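[1] the amino acid sequence is not available; the structure is as follows:
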């Protein structure tokens, strides 16, 4: 069973399972999820806790030995296993499969993993964890879902803001969930419970957003010109290499063009995206863009990208950042 970190409190209220696996790239959510599981376990009488960090040279036999022994003063125990690399190796993978095949009701096992790639999630050891445990996904919050997440966090401290202020907060905190959490906590310290005005929030919250080239490409495909320009400015301030930015957006423009060609030839857009091996989290963006954009538009964009590539390489005069902006704005709604 797989649940999100937001669903975890409701799950824990209904009773504990012997195995929990927390995985994902949102450090804040992963920490909160693990803390919640440990707190629920302590409240249920799991009074002893043993922590293992499976790094290089870790002896996997220690995990088995710990599960087979309880101290004289504890009837229940938490085994807290952390695998920072997300790669237990051949020995570790087999040890995990053997371990979860015979879980004890007197031991609650918590396994913490980072975000895993497709290969790791298809491995036998990960499949064994899925079959025997509760998988808690702690993935980063997308920009689209961020305002709702912020509203939920404000509600916990009995504060509210309007939709425009939520969007403002999301823009200031995008890509930096831990800092977003700290800024929200700051609002609780500065202001009493109840509605907050935009002016109160604007004056209190710092700009802690972090951007990456894939969020830039996401903004381009969705046709959000304002967000595209803001992320591009952020990447420029952070010193991101223009060649990497051009590569990322050109790849998505090229993929969109191939999908449109397939549809022109009588194919199905969904099938085309699968054939092109477009990630599931990006398929919706490509489909959205394909409904707005025609293939000749893609051809002109690729021609502009080719000219921009020459500019970056010094073979042509021009302002690289301005041309990157113009390339992205071609896809604006």
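    Cool, the structure landed. As the structure is a prediction and not an experimental result, all values here were calculated from the model. Numbering: from 1, shown residues only.
[2] distance of residue 41 from residue 78?
    Going from residue 41 to residue 78 by Cβ to Cβ, to the nearest Å gives 5 Å. (Each C-beta comes from the backbone N, C-alpha and C, glycine too.)
[3] right, I mislabeled it, should have said residue 229
    48 Å.
[4] looking at the two, which has the bigger crowd around it?
    residue 78 (19 against 16; other Cβ atoms under 10 Å).
[5] how many neighbours does the residue nearest to the more buried one when sequence neighbours are not counted have?
    In space, and not counting its chain neighbours, residue 78 is closest to residue 49: 4.3 Å by Cβ to Cβ, 6 or more residues apart in numbering. Using other Cβ under 10 Å, residue 49 has 15 other residues around it.
[6] cool, and the one 10 residues further on?
    Using other Cβ under 10 Å, residue 59 has 12 neighbouring residues.
[7] which SSE is it in?
    For residue 59, there is no helix or strand it lies in under DSSP states H and E.
[8] quick check, pLDDT for it.
    Note for residue 59: predicted pLDDT of 92.
[9] ok, it to residue 96 distance?
    Taking Cβ to Cβ, one finds residue 59 at 14 Å from residue 96.
[10] still on that earlier bit, which residues touch the residue nearest to residue 78?
    Taking Cβ atoms under 8 Å, 6 or more residues apart in numbering as the criterion, residue 49 is in contact with 38, 77, 78, 79, 80.
[11] partners of the third one in the sheet?
    Spelled out, that is residue 78. Listed beta-bridge partners, residue 78: residue 49, residue 108 (assigned using DSSP bridges).
[12] which residues does it contact?
    Counted by Cβ under 8 Å, 6+ apart, residue 78 has contacts 38, 41, 42, 46, 48, 49, 50, 107, 108, 109, 110.
[13] what does residue 3 give?
    Neighbours of residue 3 in contact, by Cβ under 8 Å, 6+ apart: 11, 134, 135, 136, 137.
[14] quick check: it is in a strand.
    Yes: secondary structure of residue 3 (DSSP: H, G, I helix; E, B strand; the rest coil): part of a strand.
[15] low-confidence ranges, the stretch 101-250 of the chain, go.
    Flagging of the stretch 101-250 of the chain using pLDDT under 70 yields an empty set of residue ranges.
[16] helices along that one, start to end?
    Taking DSSP state H, counting those that start in this stretch as the test, the helices found in the stretch 101-250 of the chain are 118-121, 124-132, 146-156, 163-173, 177-190, 198-204, 213-222, 225-237, 242-264.
[17] okay if I get the ones you listed as CSV plus distance to residue 6?
    Output for the helices of the stretch 101-250 of the chain, formatted as CSV (distance: least, Cβ to Cβ, whole Å):
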stretch, distance to residue 6
helix 118-121, 21
helix 124-132, 20
helix 146-156, 8
helix 163-173, 16
helix 177-190, 13
helix 198-204, 23
helix 213-222, 21
helix 225-237, 24
helix 242-264, 29
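[18] of those, which is nearest residue 64?
    Evaluated over the helices of the stretch 101-250 of the chain, closeness to residue 64 peaks at helix 124-132, with 14.6 Å, by Cβ to Cβ.
[19] give me the spatial nearest neighbour of residue 165, chain neighbours excluded.
    Excluding the flanking residues, the one nearest residue 165 by Cβ to Cβ, 6+ apart is residue 198, at 4.8 Å.
[20] gap between the one you found and residue 187?
    For residue 198, the distance to residue 187 - Cβ to Cβ - is 12 Å.
[21] out of the two, which sits in the busier spot?
    residue 187 (19 against 13).
[22] wouldn't the more buried one be in contact with residue 201 here?
    Yes: if you go by Cβ atoms under 8 Å, residue 187 and residue 201 touch, sitting 6.8 Å apart.
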